[in-house]
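Colleague: kindly return the folded structure for what I paste below:
(one chain, ligands or ions: 1)
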Amino acid sequence: MRKQIVAGNWKMNNDLAQTESLITSLKSQTKTSNAEVMIAPTFTNLFQAYQALKDSKIEVIAQNMHFAANGAYTGEISASMLKSVGVETVILGHSERREYFGETDQILAKKVDAALANELRVIFCFGEVLADRKSGNHEAVVESQIKNALFHLEASAFKNIVLAYEPVWAIGTGETASPEQAQDMHAFIRKTLSNKYGADVANSVSILYGGSVKPNNAQEIFGKPDVDGGLIGGAALNADDFFAIVNAF
Ligand SMILES: O=C(CO)COP(=O)(O)O
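Modeller: Now for the predicted structure:
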């Protein structure tokens, strides 16, 4: 049985006081869900968030990290630094990192290696832009993003990898992939994994969907057989909306 996961990616939102207040609201949500629940606050608030949630069922995860262990990389954060404040999972390859910070498949392969070497779990993001979808290239683009960043790994590495399909045209736009579009792509991703690593690995990896998941569409999207959860942006900034999505399982 694959893990079901709902992760809130807070992006560059919420200062310390706002983080504490949102965490207080999250902790007051008592309904239990079948899904693993995670939130990704900004770096400066990871330690406080971890302290506030370490005895809860909500895991605090990071939005990014550098591949080097330490050194002259001004403004960057390493895997061991994340681990030292309680983080055990890191998001890598988000389209905003690719687009605004020049993260290539080659850089991401190094980040994945560094995370796994430090025993961090990776939520690896990828997805096509609108032009790729319109030209029918979306599967080829996604396949190359996965191959270039992950296919140097041994099969055993995939027990610490979660995939997140986030079509760029659906992020923050209010336009979501239809449940059928999400299912088709997730099935394609699983087939791509199966061709390389075999069905056992492919069937054990959780594949999340991200891109304008809201309380009113989560259930339909999560109801698809190859969709194992969601990576939530805007709706994760509101405790009621986030838990409505979490409880869609
Ligand atoms: O980028 C996302 C999560 O990583 C999705 O963001 P939205 O839910 O705001 O579209």
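Colleague: what about Ile61, how many residues nearby?
Modeller: The number of residues packed near Ile61 is 24, by other CB atoms under 10 Å. (Glycine included, C-beta is placed from N, CA and C.)
Colleague: pretty sure Ile39 sits in a helix.
Modeller: No - secondary structure of Ile39 (DSSP: H, G, I helix; E, B strand; the rest coil): strand, not part of a helix.
Colleague: excluding chain neighbours, what is closest to it?
Modeller: Gly8 (4.5 Å; CB to CB, 6 or more residues apart in numbering).
Colleague: so what secondary structure elements neighbour the helix or strand hosting that neighbour?
Modeller: Under the criterion of DSSP states H and E, Gly8 resides in strand 5-9. The contact analysis (3 or more CB pairs under 8 Å, 6 or more residues apart in numbering; DSSP states H and E) places strand 5-9 against strand 36-40, strand 207-210, strand 229-232, helix 239-246.
Colleague: neighbours of the nearest residue to Ala155 once chain neighbours are set aside, how many?
Modeller: In this structure, Ala155 finds its nearest non-sequential neighbour in Tyr197, 4.6 Å apart by CB to CB, 6+ apart. For Tyr197, the neighbour count with other CB under 10 Å is 20.
Colleague: cool, and Ile232?
Modeller: Other residues near Ile232 come to 28 when the count uses other CB under 10 Å.
Colleague: please apply the same query to the one 3 residues further on.
Modeller: The tally of other residues near Ala235 (other CB under 10 Å) stands at 20.
Colleague: can you pull the contacts of it?
Modeller: By CB atoms under 8 Å, 6 or more residues apart in numbering, the contact set of Ala235 is Val213, Lys214, Pro215, Asp241, Phe242, Ile245.
Colleague: now render the residues you listed as CSV, adding neighbour count and pLDDT.
Modeller: Listed next are the contacts of Ala235 as CSV, based on neighbours: other CB atoms under 10 Å; pLDDT from 0 to 100:
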residue, neighbour count, pLDDT
Val213, 28, 96
Lys214, 15, 96
Pro215, 17, 96
Asp241, 19, 97
Phe242, 22, 97
Ile245, 28, 96
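Colleague: gap between Glu128 and Ala69?
Modeller: 33 Å (CB to CB, to the nearest Å).
Colleague: so if I had to pick from the two, which one is more boxed in?
Modeller: Glu128 (23 against 12).
Colleague: report the contact partners of that one.
Modeller: Neighbouring residues of Glu128 by CB under 8 Å, 6+ apart: Asn137, His138, Val141, Val142, Pro167, Val168, Trp169.
Colleague: tell me the secondary structure at it.
Modeller: coil.
Colleague: distance of the residue nearest to Ala155 from Leu208?
Modeller: As judged by CB to CB, Tyr197 and Leu208 stand 19 Å apart.
Colleague: swap in Val227?
Modeller: 8 Å.
Colleague: more neighbours: which of these two?
Modeller: Leu208 (25 against 22).
Colleague: local confidence estimate at the more buried one?
Modeller: Listed pLDDT for Leu208 reads 98.
Colleague: isn't it up against Ala7?
Modeller: Yes - counting by CB atoms under 8 Å, Leu208 touches Ala7, with 7.0 Å between them.
Colleague: show me which residues of this protein sit near the ligand.
Modeller: Proximity of the chain to the ligand, by CB under 6 Å from any ligand atom, involves residues 9, 94, 166, 171-172, 210-213, 231-235.
Colleague: which one of those residues is nearest Arg2?
Modeller: Nearest to Arg2 among the residues of the chain next to the ligand, counting by CB to CB, is Leu231 at 15.4 Å.
Colleague: need the contact list for that closest one.
Modeller: Applying CB under 8 Å, 6+ apart to Leu231 gives the contacts Ala7, Asn9, Ile91, Ile123, Cys125, Ala164, Glu166, Leu208, Tyr209, Gly210, Val213.
Colleague: residue contacts, the residue nearest to Ile39?
Modeller: Met38, Ile39, Ala40, Ile232, Ala236, Leu237, Phe242.
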